[in-house]
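here's my sequence, what's the structure:
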Amino acid sequence: MQLTPHEVSTLKEMVTASEYRHMPLRTLAVYAQRAGKVFASATTWAKLVRQRGWRRPRRPIISTGRPLSSQKRRRDSRMFPDAAAVDAGITATEAHMITDRIEENLKARFSIEDVTIHVEPDA
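As a prediction, this is how the structure comes out:
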């Protein structure tokens, strides 16, 4: 099945739109299907992005303009690091998607069993 030029154009708009930058490509493909915009597999999306050289918009995760503050607390033999970072320009959904990725990366990289990152709203 081939995509129409209109579908390819819609796909490109979604891939390059800053409003969808927080979504991985696979999630964006599913979202487009649910929204009734483009019915194509995530593999097709990835293939078109690669072939046509489309670039996803990027933005630093932490853009506070000040250093990340952190401290460590110890209880028993476990360590509880605290960190605070604020980017008032992102939504709570975006913040939770970021913290999920950070938690998974910490678990994988340092063989940590349990990681919890709590999102605090900007005051």
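
from the chain's centre, how far out does the helix or strand hosting residue 93 sit?
Per DSSP states H and E, residue 93 falls inside helix 92-110. On the basis of Cα atoms, centre = their mean, to the nearest Å, helix 92-110 is displaced by 9 Å from the centre of the chain it belongs to.

is the most centrally placed residue in the chain in a helix, a strand, or coil?
Nearest residue to the geometric centre of the chain (Cα atoms, centre = their mean): residue 22, 4.0 Å. Look at residue 22: counting by DSSP: H, G, I helix; E, B strand; the rest coil, its state is coil.

residues in contact with it?
Going by Cβ atoms under 8 Å, 6 or more residues apart in numbering, residue 22 touches 90, 93-94, 97-98. Yep, even glycine has a C-beta here, placed from its N, CA and C like the rest.

which of those sits closest to residue 28?
Closest approach to residue 28 among these (Cβ to Cβ): residue 97, at 12.2 Å.
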